[in-house]
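Asks: Sequence and predicted structure below; questions after.
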Amino acid sequence: MISAAQKTNIQVLKDQILSHFHVNKVKQGDVMVTNLRHYQNLLSTHDSLDRVLKGMDDGVTGDFLAMDIRQSLHYLGEITGEITTDDLLDNIFSKFCIGK
């Protein structure tokens, strides 16, 4: 039984809520990503950098490695605001003749 008026078992309620978020695994100084778009961009960045490391192990040339490095920077830029969707659309329309 929980009662806010009588202030009984409030800590039990707090503990139950916190148990769903795995807060006990978070330490001071850890970074938590709370935005789904940022999380997806970080996963994509990780994938791009994994391709760079695999390419280095496989002896891939620098030109191909640079493409994956640029891709990872692109994903990070979407988080920091350095690259926006408008920038991408402007780039696409400037390079392709659409509707002519």
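Replies: Sure, I can see it.

Asks: Let me know the helix or strand that residue 71 is in.
Replies: Taking DSSP states H and E as the definition, residue 71 sits inside helix 62-80.

Asks: quick one: buried residues of that helix?
Replies: Of all the residues in helix 62-80, those buried under the rule 16 or more other C-beta atoms under 10 Å are 65, 68-69, 71-72, 74-79. Placement of C-beta: from N, CA and C, glycine included.

Asks: pLDDT for the residues you listed - can I get that in TSV?
Replies: Formatted as TSV, the buried residues of helix 62-80 follow (pLDDT from 0 to 100):
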residue	pLDDT
65	89
68	92
69	90
71	91
72	91
74	90
75	93
76	92
77	90
78	88
79	90
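
Asks: hang on, isn't residue 1 packed against residue 9?
Replies: Yes: the pair residue 1 and residue 9 qualifies as a contact (C-beta atoms under 8 Å) at a distance of 6.5 Å.

Asks: Now list whatever residues contact both of these two.
Replies: Here residue 1 and residue 9 share no contacting residue, scored by C-beta atoms under 8 Å, 6 or more residues apart in numbering.

Asks: Okay then, goodbye and thanks.
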